[in-house]
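>>> Here is my input, please return the structure:
(chains A and B)
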2 protein chains.
Amino acid sequence: MNPLLLDALKGKNFSNRPPVWLMRQAGRYMPEYRKIREKYDFLEMCKTPEIATEITLQPIKAFGPDAAIVFSDILVIPDALDVGLRFEDGAGPVIEKALKTDRDIENLRTESLLGKLDYVFQTIRLLKKELKIPLIGFAGGPFTVASYMIEGRTGKTLRNTKKWMIQNPDSFHKLLNLLTSHTIEYVEKQIDSGADVIQIFDSWANALSDNHFREFSLPYMKRISDAVRKKNVPSILFCKGSCVFAPLLAKAGPSGIGLDWNAGIASVRSKLPNITLQGNLDPDILYASPPVLQREVKSILDSMQNDPAYIFNLGHGIAPDVSPDAVKILIDTVKQYSASS
Amino acid sequence: MNPLLLDALKGKNFSNRPPVWLMRQAGRYMPEYRKIREKYDFLEMCKTPEIATEITLQPIKAFGPDAAIVFSDILVIPDALDVGLRFEDGAGPVIEKALKTDRDIENLRTESLLGKLDYVFQTIRLLKKELKIPLIGFAGGPFTVASYMIEGRTGKTLRNTKKWMIQNPDSFHKLLNLLTSHTIEYVEKQIDSGADVIQIFDSWANALSDNHFREFSLPYMKRISDAVRKKNVPSILFCKGSCVFAPLLAKAGPSGIGLDWNAGIASVRSKLPNITLQGNLDPDILYASPPVLQREVKSILDSMQNDPAYIFNLGHGIAPDVSPDAVKILIDTVKQYSASS
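Take a look at the predicted model:
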């Protein structure tokens, strides 16, 4: 198996380039994906192991990154909790039965969701038969998943979530605890099914202050990464806001931290010498001309060269209208890079 | 005149509490404001000096903060550039003639806009007759104003702006240069009309990477704050993302930096000992119960106590559905605070 990602997560990638994979590397920007999407609903695609497998492999075949990430969504847990999840073109995820009251939280199922999530584990097993690179399993961070369940629809702010959290922290913690328990069981089973790495996406943690991050995001992410560590599998914690929260994330003890693009990654490294860092190209650089794109990728590579604990990635997911050619150029640039020694 | 704000901006507030004012302290959350808003369009309110004066004074009368900020909008410059600005309830600002091509930028007026912005200067002159506290004038940061002019409508991302910036940096710089020239003339005239402090809101700079912030936001903010300094008036640079960008903002040489709420302000202070800091309560804390609100305000006050270069504020503007009672509690808590020595 391609050793780069797992080596980098151990801080022991002594080859002359970092591993590369991209958040949302399987998705709407690929014509192969859109062809399948024409025939199936998004959730149907996630829930059909053969299709999810095929989609996971599309970018692997097209671009040859150093890791695959199972095609799924951070909202499969709310879906298994029967909150009426659907994906609308344009509007993104919509949750019909958005949480409104404490009682809505109390009514959420506490019994295992593994049976309802079996399609993910099947997909992972199918993928493991095909792949010669590590497979990343993932889940949403409890704060972020909770925010979707409360907002119901993607908006500009997380106002309802923040209000709930601030006005009724006890019931909000109940929700986070419930989601954390389900998530731990879920990622453990992903590992048992063959996932080599687990990444947790607490994407909207950037809505939080330092105090609230410490109270409502970090402890739950830590519980998940602790559970992953007990399974002897590396974990990566990602959130937007990570350029601010990186020192706190590092203390939670994951194998790696996924950085957004606000800070230069080398300056984060200078403050955090002892943890694997992943990132952090601005995803919008994929709209650049090829020479500019190559220059920006190389600029990050140069700033992190010979770093044995570095994984090249974007600072957030690939947008749907990006050209597949740009993704190819990005990945080729990393793979053809050779650190000067 | 109440000396606290100007003293804090010199790093010489040796009283036992910091000054307090709040971004968007005049606005929709106040019933007095909504009563006027029923009769007038938002831009009409900005453009009628007597009304803008009355609205500016509403929170001063109701809550007694230590500074007033002229009631206006960062989009008055695009409005003076005739881009078809209107404010829709719910959708926020809409720019009818959003910029689409380089030619749209070339066609923008380069001659002085001061005549078209005279209502702001009139408002400032009227306010100066009434106020016994400093009056803050303001403008948008060129990057943020450009983003509104390109997006046309508030969305979840600044994708069109970022694409333009990345694909056509030369024409984007032209736009930023044009806006910077207009903004400098505009803030200089605000100072000549009586503004005691100038704050620049580059609110959406958090969409930028470190490199892009250095190229597309910071130099333009610096030019404006340099112009303000030449007029012997203090300047405050605010942006979302400032918890990451604070060291860069400090190098631009403003009198103060306005922080968003992602980082603890005392930890920013430990890295930047020599500049005035303003902020940084999470604006959503205004939804908390009175005891929680008081506790959170005091927690910031305690962390910054006896800091002679600190201004209490939120990390962003007050939301429309906040209770005026909460704003009163916040301001009273700061004003009744007495640092233990």
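
>>> Skip the chain neighbours and tell me the closest residue to the residue in the stretch 1-150 of chain A positioned nearest to chain B.
The stretch 1-150 of chain A approaches chain B most closely through A:Gly92 (8.9 Å), counting by C-beta to the nearest C-beta. For glycine as for every other residue, the C-beta is placed from the backbone atoms N, C-alpha and C. Distances taken as C-beta to C-beta, 6 or more residues apart in numbering or on different chains put A:Thr154 closest to A:Gly92, at 4.4 Å, once the chain neighbours are dropped.

>>> wait, what's in contact with that neighbour?
A:Thr154 makes contact with A:Ala91, A:Gly92, A:Pro93, A:Tyr148, B:Lys156, according to C-beta atoms under 8 Å, 6 or more residues apart in numbering or on different chains.

>>> Pick out the most distant pair among the residues you listed.
Pairwise distances among these were taken by C-beta to C-beta; the largest, 14.0 Å, belongs to A:Tyr148 and B:Lys156.

>>> Would you indicate which residues of stretch A:312-319 are buried?
Buried residues in stretch A:312-319, defined by neighbour count with 16 or more other C-beta atoms under 10 Å in any protein chain shown: A:Phe312, A:Asn313, A:Leu314, A:Gly315, A:His316, A:Gly317, A:Ile318, A:Ala319.

>>> Is there proximity between it and chain B?
Yes - Stretch A:312-319 reaches chain B (C-beta under 8 Å from any C-beta of the partner chain) through A:Gly315, A:Ala319.

>>> so how far is that stretch off the chain centroid?
10 Å (C-alpha atoms, centre = their mean, to the nearest Å).

>>> Over to stretch A:283-290?
21 Å.

>>> need the residues of the stretch 101-250 of chain A near chain B, please.
By the rule C-beta under 8 Å from any C-beta, the part of the stretch 101-250 of chain A lying against chain B is A:154, A:156, A:159, A:162-163, A:166-167, A:206, A:208-213, A:241, A:243-245.

>>> ok, of these, which come out buried?
Among those, those classed as buried by 16+ other C-beta under 10 Å are A:159, A:162-163, A:166, A:206, A:208-210, A:212-213, A:241, A:243-245.

>>> Strands along the stretch 201-341 of chain A, start to end?
A:235-238, A:256-258, A:276-281, A:310-314 (DSSP state E, counting those that start in this stretch).

>>> Okay, now the sheet partners of the first one, with direction.
In this case it means strand A:235-238. If you go by DSSP bridges, strand A:235-238 pairs up with strand A:197-201 (parallel), strand A:256-258 (parallel).

>>> Now mean pLDDT and mean neighbour count too, for those, in a markdown table please.
Converted to a markdown table, the strands paired with strand A:235-238 look like this (pLDDT from 0 to 100; neighbours: other C-beta atoms under 10 Å in any protein chain shown):
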| stretch | mean pLDDT | mean neighbour count |
| --- | --- | --- |
| strand A:197-201 | 98 | 26 |
| strand A:256-258 | 98 | 27 |
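
>>> Can I get the ones you listed in CSV including distance to A:Lys35?
Compiled in CSV, the strands paired with strand A:235-238 are given as follows (distance: least, C-beta to C-beta, whole Å):
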stretch, distance to A:Lys35
strand A:197-201, 26
strand A:256-258, 30
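
>>> Out of the contacts of A:Thr154, name the ones that lie in strands.
Using DSSP state E, the members of the contacts of A:Thr154 that fall in strands are A:Gly92, A:Pro93.

>>> Need the buried ones from the contacts of A:Thr154 selected in ChimeraX.
The buried residues among those can be selected in ChimeraX (16+ other C-beta under 10 Å) with this line:
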select /A:93,148
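
>>> Identify the residue of the stretch 51-200 of chain A closest to chain B, quick one.
Counting by C-beta to the nearest C-beta, the stretch 51-200 of chain A gets nearest chain B through A:Lys162, at 4.1 Å.

>>> SS state for that residue?
Recorded secondary structure, A:Lys162: helix (DSSP: H, G, I helix; E, B strand; the rest coil).

>>> right, and it touches A:Ala207 too?
Yes - in this structure, A:Lys162 is within contact of A:Ala207 by C-beta atoms under 8 Å, at 6.5 Å.

>>> A:Leu126: helix or strand, and which one exactly?
Assessed by DSSP states H and E, A:Leu126 sits inside helix A:118-130.

>>> for that helix, packing partners?
Using 3 or more C-beta pairs under 8 Å, 6 or more residues apart in numbering or on different chains; DSSP states H and E, the elements in contact with helix A:118-130 are helix A:42-47, helix A:49-63, strand A:135-140, helix A:169-193.

>>> just the ones you listed: most buried one?
By mean neighbour count, with neighbours taken as mean count of other C-beta atoms under 10 Å in any protein chain shown, strand A:135-140 ranks first of the helices and strands packed on helix A:118-130 at a mean of 24.

>>> quick one: contacts of that strand?
A:21, A:67-70, A:72, A:74-75, A:77, A:120, A:124, A:127-128, A:148, A:183, A:186-187, A:190-191, A:193-203, A:224, A:236.

>>> Recalculate using a threshold of 6 Å.
A:67-70, A:74, A:127, A:183, A:186-187, A:190, A:195-201 (C-beta atoms under 6 Å, 6 or more residues apart in numbering or on different chains).

>>> Quickly note the distance from A:Ile275 to chain B.
Separation of A:Ile275 from chain B (C-beta to the nearest C-beta, to the nearest Å) stands at 18 Å.

>>> Centre of the chain to stretch A:100-112, how far?
Put simply, stretch A:100-112 sits 25 Å off its chain's centre (C-alpha atoms, centre = their mean).

>>> now swap in stretch A:182-197 and tell me
How far stretch A:182-197 lies from its chain's middle: 14 Å, per C-alpha atoms, centre = their mean.

>>> Likewise for stretch A:215-225?
Centroid displacement of stretch A:215-225 relative to its chain, using C-alpha atoms, centre = their mean, is 15 Å.

>>> Give the rounded mean pLDDT of it.
In this model, stretch A:215-225 carries a mean pLDDT of 98.

>>> Go ahead and produce PDB holding the CA coordinates of that stretch.
What follows is stretch A:215-225 as a C-alpha-only set of coordinates in PDB (Å, rounded to 0.1, in the frame of the first residue of the first chain):
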ATOM      1  CA  GLU A 215     -16.800  23.900  25.700                       C
ATOM      2  CA  PHE A 216     -18.900  22.800  22.700                       C
ATOM      3  CA  SER A 217     -16.600  21.600  20.000                       C
ATOM      4  CA  LEU A 218     -13.200  20.400  21.300                       C
ATOM      5  CA  PRO A 219     -14.200  18.000  24.100                       C
ATOM      6  CA  TYR A 220     -16.500  16.100  21.700                       C
ATOM      7  CA  MET A 221     -13.900  16.000  18.900                       C
ATOM      8  CA  LYS A 222     -11.400  14.800  21.500                       C
ATOM      9  CA  ARG A 223     -13.700  11.900  22.600                       C
ATOM     10  CA  ILE A 224     -13.900  10.800  19.000                       C
ATOM     11  CA  SER A 225     -10.200  11.000  18.300                       C
END
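
>>> For that stretch, report the contacting residues that lie outside it.
For stretch A:215-225, with C-beta under 6 Å, 6+ apart as the criterion, the contacting residues are A:141-143, A:165, A:176, A:180, A:183-184, A:200, A:202, A:205, A:235, A:237, A:248, A:252, A:254.
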